[in-house]
Each structure stands twice: as C-alpha cells, then as structure tokens.
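S.K.: Got a predicted structure here, sequence first:
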Amino acid sequence: MRIATWNVNSVNARLETVLAWFEQERPDVACLQEIKCVDDRFPIEAFERLGYNVAVHGQKAYNGVALLSKTPLEDVRKGLPGDDEDDQARYIEAVISGPAPIRVAGIYLPNGNPVDSAKFPYKLSWMSRLNAHVRGLLRLEEPLVVAGDYNVIPEDTDVFDPAAWAGDALFRPETRAAFRALKWLGLTDAYMAVDGTPHGYTFWDYQAGAWPRDRGIRIDHLLLSPQASDRLDRVEIFRDVRGWEKPSDHVPVTATLSERGASET
DNA sequence: ATGGTAGACCTTCTA
C-alpha cells in the first residue's frame, strides 16, 4: 500500500497537474493540503473517475484538507480536537478499509509566521493539541500514519541555509522541540527509509529562484506508529514534479507499506 | 538591492 501526501496549493488551480501525477503514480491513499476551497467546490468527480473515494474538510480561500482512498474511508474525523474556537480546516482522519486496515491522518500544520504575531502561539498550541490527540490514537496500537505539510524543518540538513532560517517559525527551537516531542510519543519519520539522495527537500519557494538554485526545505512528513513502521518498505520524494508546468511549491511524498495483514503477524 | 511569486478574493491576506 502506497500512501501519498501533497500540499497542492489550490486543488482547482492545479487540477490538471494534480491529476497527471495521480494518473502516473496511482497511490492507494493520498492526503492533500491547501485545497483552498469549500467542500462543494472540491473536484470530487475527477478523483472518483480515477477510482478514489473522497473525504473533504474544506474552507473558503485558505487551508482545507482532503483524503483520497481506493478503498472506502471509515470512521472519518474532520478537525483537530482540543479547541472549539478553532475554525481552520487543517485536520482530517479516517480508517482505510481493507484486509490490513490502516488509520491515516492528513494534517496542514499552521505556518506560524511572523513569530511575533498570534500565528506563532497558534502554531505551537496546534502542535500541542496534535500531540494530545496522537497520544490517544497510539493507545489503540494500530497501524497509523500521520502525514502532511508539517511546516517544520526538523534538522539542519533539511534546509539549504540553516542560518538564514534560524528565526523562522518553521525552524525555531520551540517548533523543532514540539516536533521531537511528537516523535517521542513513539512515531517514526518515514524519511529514514529514503536512500541515495543528498537531501530530501519537499518545498521550494516560488520566489527568488529557489527551485533552479535548489534552495529547498524538507517540511512534508509521514510519521508512523510502530505497527505501521514495521511494514515500511520505502519512501519516495517526487522532486521532478516541482519542474512541471504550473507546479505547486510542494512536491508529493509517498511511503510504501508492505501488504502484510494481521493474519500473518 | 532586503528584491522575487502564486492563489483567492475584494484591494489585502496567506504562504
């Protein structure tokens, strides 16, 4: 089973590009972020034609997340618990049905810039809520994948110029500490299974020639519960997609899990 | 030089 995450930066502005990648790679499951539309405007039929079931948690103009799966989505949750005042659409979760069911959460973690605004504490509080929710999910002892645009640069090696990013909300010590705390709950970063690349950038800014100069950052992650990481075969970062016509500033990332079911363990 | 782009939408915000 191959699970994808991709911040598409408007699913409607990017539909042709997004569909082209789906037709080429045909992942079994996909988490999309920044769909930038309300539920009614999501191009559900286009994905259904490719054989996907669709769950959408949309929002006008900003944010918005969706889950796609070739098998039916069960137990769908929309929105991250822990703050009834939070109306930003950044979290969607479902159980992917099949012989070896797996729970997948798609996240669009807040950017948090500028750090001297309310956006940074919102980011940190969102990460704290995610930590609390994931802690509960891990108690289920199920295969779980938490995938998405984390807006977190975990390590110096995940950014072209660490010094230039020192004060950025994506790289601040508090942000990186919260990401480590999430992993310390018992999640594995699937990126450990990537091989043969000098770095694993997943985002290049539209500005200042970031892509041609390869000034990227690694911020799109798949974190796996022990029951999921036991099945991890490989990770792929589709960096070529950044060079396509009308690209998103993020590229798709996939993790492939073996199909080993409960009966064989 | 502190630049540059992209998307949604009401001329400014978000990233």
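M.R.: Arrived safely. For clarity, every value in this text was computed on a predicted model and none was experimentally measured.

S.K.: Residue of the stretch 1-150 of chain A closest to DNA strand B, please.
M.R.: A:Ser10 (3.2 Å; CB to the nearest atom of the strand). Just so you know, the C-beta spots here come from the backbone N, C-alpha and C atoms, and that holds for glycine as well.

S.K.: What ranges in the stretch 51-200 of chain A fall below the confidence cut-off?
M.R.: A:193, A:195-196 (pLDDT under 70).

S.K.: So which residues of it form helices?
M.R.: Under the criterion DSSP state H, counting those that start in this stretch, the stretch 51-200 of chain A carries helices at the ranges A:119-138, A:173-184.

S.K.: Adding mean neighbour count as columns, could you present those helices in TSV?
M.R.: Shown next, in TSV, are these (neighbours: other CB atoms under 10 Å):
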stretch	mean neighbour count
helix A:119-138	17
helix A:173-184	15
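
S.K.: quick revisit: now the residue of the stretch 1-150 of chain A closest to DNA strand B, what's its secondary structure?
M.R.: coil (DSSP: H, G, I helix; E, B strand; the rest coil).

S.K.: How about the residues of chain A by DNA strand B?
M.R.: A:9-10, A:12-14, A:36-37, A:60-63, A:110-111, A:113, A:119, A:151, A:206-208, A:246 (CB under 7 Å from any atom of the strand).

S.K.: Please enumerate the strands of chain A.
M.R.: All strands of chain A, identified by DSSP state E, fall at A:2-7, A:29-33, A:53-57, A:65-69, A:73-78, A:91-96, A:102-108, A:144-149, A:188-189, A:203-204, A:216-217, A:220-224, A:232-237, A:253-257.

S.K.: hmm, back to that, which of the residues of chain A next to DNA strand B are buried?
M.R.: A:Asn9, A:Arg14, A:Lys36, A:Cys37, A:Asn63, A:Pro110, A:Asn111, A:Asn113, A:Asn151 (16 or more other CB atoms under 10 Å).
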